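Asks: no sequence on hand, only this structure:
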């Protein structure tokens, strides 16, 4: 805490103090308290900032100062930052400004751009505590590999963001910094575990940040704060140099990825990193180049000679029914897409999503969460409610034997194969997993009929109230399958218009919990976000599909109650 | 055993019986006992056979009959086959011949080609015992995925080959079929665990076969029998549908790959499979197309304007010094390569190969080999000597806790990162792992100076005598690193010319064992093979490099004592 106060105080010009009495939606406060030029810079998209920085229209120093000031205010309003780095960020900004002046060209694709970073990604000489009180004071010996690569491309780092205890909540709450709240409605969670990034970028205290995801930790904060967020396929971006419990565990692979105010921000982040061939430094990565749109192109000639995008619609996972605002979001988008001749919509039924949760929640903590227990109990800090939820109250958390892990790994592979067969079968006539038919290897011939991407919720509702993010199914499903996922805002927001479904009979305890959670007035102003899911290593295709859908449907939709 | 005798007896024309008294080198026996047309077909390279089959110059029926007969003789001489499949192979051959006649085109790249298959790869309705007596009678419910894909491309399967108890020897010896011997010198091992493939293809009873490899099991038999063999990068070829202990274990990933009489056989095998996009059926695979030579090209402009191949020479791993014939093989090739202006040779020092063995041998049997013990002890069969070697006598085999596995996995990743840094540092001036300098991310700029491939032995000697294959370092090293490896014959053979080094002081117990094993007369006629190692996912480059080296050096070298 001390750290944060000191570094916040070092920001110049000083960060204004917000009023003591604030509305639930604090996204408009910066407009009241910050100068016009700061607002203008911080509300520019990353792709436009990059252009202006590269051409010298904006200096990195000016951009960094603007984001530092707005990040300071964002943190005062939502508690999203663990540490500000004005000295090193401004020194780096000056270096980059001089570089451009001297060389007449930018250092790289991200020249001069300030990027925000989740706390557990190592920065040399700074704390890395991963949300554990007992780990406070651990000092990173080196920078995380991803930061080195981003810096090589001209980026700089100016702020470090909050994360929950043990990094395993879809919420951001720890005993070091307290709770990070949602800027659209401070009664709701910013999501987690990259919830500091979510709130900060939601407040436009950053335009591009780095999160990590093993069950939804990039996507929940992106969705809750109306942002774009990508959970890439595993082994495409380097994860070397982060701090967390259970390092060495491989049954469910965590990934790193971007959150941004724009889709282009996501794209430039991926391209910048992959173009540097990160597999030269982290040999576990797959040496797969970033495919430019032209070569990744998913648009195919349909039978009528037109090129079509085939979108699978998975509105409800069959386990927990999404709240009315989410279903409205899907319906609104589907209605727009349906009108367009270049897009074909196909129902994509869920396939045993409850089984996916059994497997993944059994494999998350194969040591019975011994490392987490030790890290928490070493300081005597209290267990946060959602740490209890995912560890103590999770019947699948057991101290497994090697043999049990192998069995669950086979379950995982079997489920992945079945889901893959399920995908192949939709719209093609190929046998699905339920037919128990032998796998046929004629799918190549049917590829032209297959679904390209799945449109699905990011969660069973918009950002839930604090301590209520207790259903991971809509995100963890895809971690188990290792499908890349792209979260995007529809532009819609929850509010009084979406009445609860009356007389609904819940399917199970989880569904009951979620159903009872919904009251329209709880969710006022919460962004309605959705998720696009692709097949493994089709990260580029996912982005291309969303670009096309955005254009075709005219997103963002505009019923927003509060706009920045 | 009964199976084999029955199916052998069903081959027509009948397989001749060899004389009771035979020379140690039995590779010339087929010339004495088989008709000319059978010899001619079976000594044709796979790429030429494919051409003749596709054009109708040879029928699949004739080719299949020829290989069945020669495989029968090969098995009588070396004990390499577990089961012959004349009925289903000839029915399939007839189908393919009819297909060509009817459609006027081949079914696929491998039209009509008989392929041999290691026993533990499932064939529907047939035994899969993985070398355990207690597993005899287990019936495969479906074909392995790789067989389906090969069949799609027009291949057929006619013979199943031996493997050792537990699949974990560099030798082929089990209590079901006994010992498979080396056709060049029956006092030596054919290698393992794909030693049935090695001996069979070495005898030209097959021109292309399928093996599996977690520590050298494709490469040891390829090397011992003078063949080409590829251990591909993991997750490029489908492994679904095999039988083995420890399914679900992921710390060291086993792979599947080809053994062949020609390099083109290896290449067409890889291309045929990957062109079918196997990731559509086995979602753990990486969706990386097979890169044709033109795009995989490793040839680069040197400073003199010429394109050069840079070959790292790692003749001795620093743990166990190779026997004189192996060093002669490397020296002969290096001498030829050195003369050529398009090739640059660079010394590639080993980096802690003993540490690699500690890690991999600790991770092979993370359950303390409980599954193997149970599978062996269930029948009361005796433990084979090399099963004892790798399990009972291996101090690193322990029943590990989850936490210990995670620790070893971190050791593995740390070692991989260090070795990668080592590779980057050679010939470039970049800091190596020993400097303890921080990893720098400027390697991209130095890529033009980096080593392309490593030339190294496949083992510490040629094929050793039975029960003596007790050093895995030259192969398992690359399994740990997951580097693709290509074994090739030099054309040279061991014999009386390579004197033992006198007065040598062994470095350690393993080195002493290997040193004392060498007597020139023991190894007469054993093929001298070498190994080319590439970086992850550079399987194509490896093949291209060997093509170039073969041409430049004029391989195979011709001092062979015995030629087919």
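Replies: Cool, the structure landed. This one's a predicted model, so the numbers in the text were calculated from it and none came from an experiment. Numbers count the residues shown, from 1 in each chain, chains lettered A, B, ... in the order given.
Asks: distance of residue A:164 from residue A:21?
Replies: 28 Å (Cβ to Cβ, to the nearest Å). In short, each C-beta sits where N, CA and C put it, glycine included.
Asks: more neighbours: the two, which one.
Replies: In this view residue A:164 and residue A:21 are compared by other Cβ atoms under 10 Å in any protein chain shown, and residue A:164 has more residues nearby, 30 against 5.
Asks: I'd assumed residue A:367 was in contact with residue A:245.
Replies: No: here residue A:245 lies out of contact with residue A:367, judged by Cβ atoms under 8 Å, at a distance of 9.3 Å.
Asks: flag the shaky bits of chain A, pLDDT-wise.
Replies: Within chain A, the stretches with pLDDT under 70 are A:1-2, A:293-307, A:559-564.
Asks: go ahead and flag the most central residue of it.
Replies: Centre of chain A computed as the mean C-alpha position; nearest residue by Cα atoms, centre = their mean is residue A:218, 2.2 Å away.
Asks: pretty sure residue A:430 is touching residue A:438, no?
Replies: No: with contact defined as Cβ under 8 Å, residue A:430 and residue A:438 do not form a contacting pair (11.5 Å).
Asks: between those two, which one's more packed in?
Replies: It is residue A:430, of residue A:430 and residue A:438, that has more neighbours when counted by other Cβ under 10 Å, with 21 against 12.
Asks: residues contacting the more buried one?
Replies: When contacts are counted by Cβ atoms under 8 Å, 6 or more residues apart in numbering or on different chains, residue A:430 is found next to A:421, A:424, A:440, A:442, A:443, A:446.
Asks: repeat that with 7 Å
Replies: Under the criterion of Cβ atoms under 7 Å, 6 or more residues apart in numbering or on different chains, the contact list for residue A:430 reads A:424, A:440, A:443, A:446.
Asks: burial measure for whichever residue of the stretch 401-550 of chain A sits closest to chain B, as a count.
Replies: With Cβ to the nearest Cβ as the measure, residue A:406 is the residue of the stretch 401-550 of chain A nearest to chain B, at 3.2 Å. Residue A:406 has 21 neighbouring residues, counting by other Cβ under 10 Å.
Asks: just the contacts of residue A:430 that are near chain B?
Replies: Within the set of those, contact with chain B (Cβ under 7 Å from any Cβ of the partner chain) is found for A:424, A:443.
Asks: by neighbours, which of the contacts of residue A:430 wins?
Replies: Across those, the neighbour count under other Cβ under 10 Å reaches its highest value at residue A:424, namely 24 neighbours.
Asks: which strands or helices does the host helix or strand of it pack on?
Replies: Element membership of residue A:424 [criterion: DSSP states H and E] is helix A:402-425. Applying 3 or more Cβ pairs under 7 Å, 6 or more residues apart in numbering or on different chains; DSSP states H and E, one finds that helix A:402-425 makes contact with helix A:353-363, helix A:473-481.
Asks: list the contacts of that helix.
Replies: A:251, A:351, A:355-356, A:359, A:362-363, A:366, A:430-433, A:439, A:443, A:450-451, A:480-481, B:246-250, B:280, B:282-284, B:366-367, B:370, B:400, B:402, B:405.
Asks: got the angle between that helix and helix B:402-425?
Replies: If you take axes from the mean of the first three to the mean of the last three Cα atoms, to 10 degrees, helix A:402-425 sits at 70 degrees to helix B:402-425.
Asks: and the next element down the chain from helix A:402-425?
Replies: Scanning forward in sequence from helix A:402-425 by DSSP H and E, the next helix or strand is helix A:443-446.
Asks: any residues touching that following helix, and which ones?
Replies: Contacts of helix A:443-446 from elsewhere in the structure, counted by Cβ under 7 Å, 6+ apart, are A:424, A:428, A:430, B:276, B:277, B:280, B:281.
Asks: got the residues of the stretch 351-500 of chain A near chain B?
Replies: Neighbours of chain B within the stretch 351-500 of chain A, by Cβ under 7 Å from any Cβ: A:366-367, A:370, A:400, A:402-403, A:405-407, A:409-410, A:413, A:416-417, A:420, A:424, A:438-439, A:441, A:443-444.
Asks: and the strands in the stretch 451-564 of chain A?
Replies: Counting by DSSP state E, counting those that start in this stretch, the stretch 451-564 of chain A forms strands over residues A:453-457, A:485-493, A:527-533, given from the N-terminal end onward.
Asks: turn these into JSON lines, columns for mean neighbour count and distance to residue A:10.
Replies: Supplementary listing: the strands of the stretch 451-564 of chain A in JSON lines, determined by neighbours: other Cβ atoms under 10 Å in any protein chain shown; distance: least, Cβ to Cβ, whole Å:
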{"stretch": "strand A:453-457", "mean neighbour count": "25", "distance to residue A:10": "41"}
{"stretch": "strand A:485-493", "mean neighbour count": "26", "distance to residue A:10": "33"}
{"stretch": "strand A:527-533", "mean neighbour count": "26", "distance to residue A:10": "32"}
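Asks: what secondary structure does the closest residue to chain B within the stretch 151-300 of chain A sit in?
Replies: Nearest to chain B in the stretch 151-300 of chain A, going by Cβ to the nearest Cβ, is residue A:248, at a distance of 3.2 Å. Secondary structure of residue A:248, reduced to three states by DSSP: H, G, I helix; E, B strand; the rest coil: coil.
Asks: how close does it get to residue A:318?
Replies: With distances taken as Cβ to Cβ, residue A:248 is found 34 Å from residue A:318.
Asks: neighbour-wise, which of the two wins?
Replies: For the pair residue A:248 and residue A:318, the greater number of neighbours falls to residue A:248 (18 against 15), based on other Cβ under 10 Å.
Asks: can you pull the contacts of the residue nearest to the centre of chain A?
Replies: For residue A:218, the contact set (Cβ under 7 Å, 6+ apart) comprises A:194, A:211, A:212, A:229, A:231, A:257, A:259.
Asks: quick one, domains of chain A?
Replies: A:2-14+A:40-241+A:249-280, A:296-348+A:451-564 (automatic domain parsing).
Asks: deepest of the ones you listed, which one?
Replies: Looking across the domains of chain A with neighbours counted as mean count of other Cβ atoms under 10 Å in any protein chain shown, the highest average goes to domain A:2-14+A:40-241+A:249-280: a mean of 24.
Asks: returning to that earlier point: now the domains of chain A in JSON lines, with distance to residue B:393?
Replies: Putting the domains of chain A into JSON lines (distance: least, Cβ to Cβ, whole Å) gives the following:
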{"stretch": "domain A:2-14+A:40-241+A:249-280", "distance to residue B:393": "28"}
{"stretch": "domain A:296-348+A:451-564", "distance to residue B:393": "39"}
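Asks: so which of those comes closest to residue B:504?
Replies: In terms of Cβ to Cβ, the element of the domains of chain A nearest to residue B:504 is domain A:2-14+A:40-241+A:249-280, at 38.8 Å.
Asks: cheers, nothing more for now.
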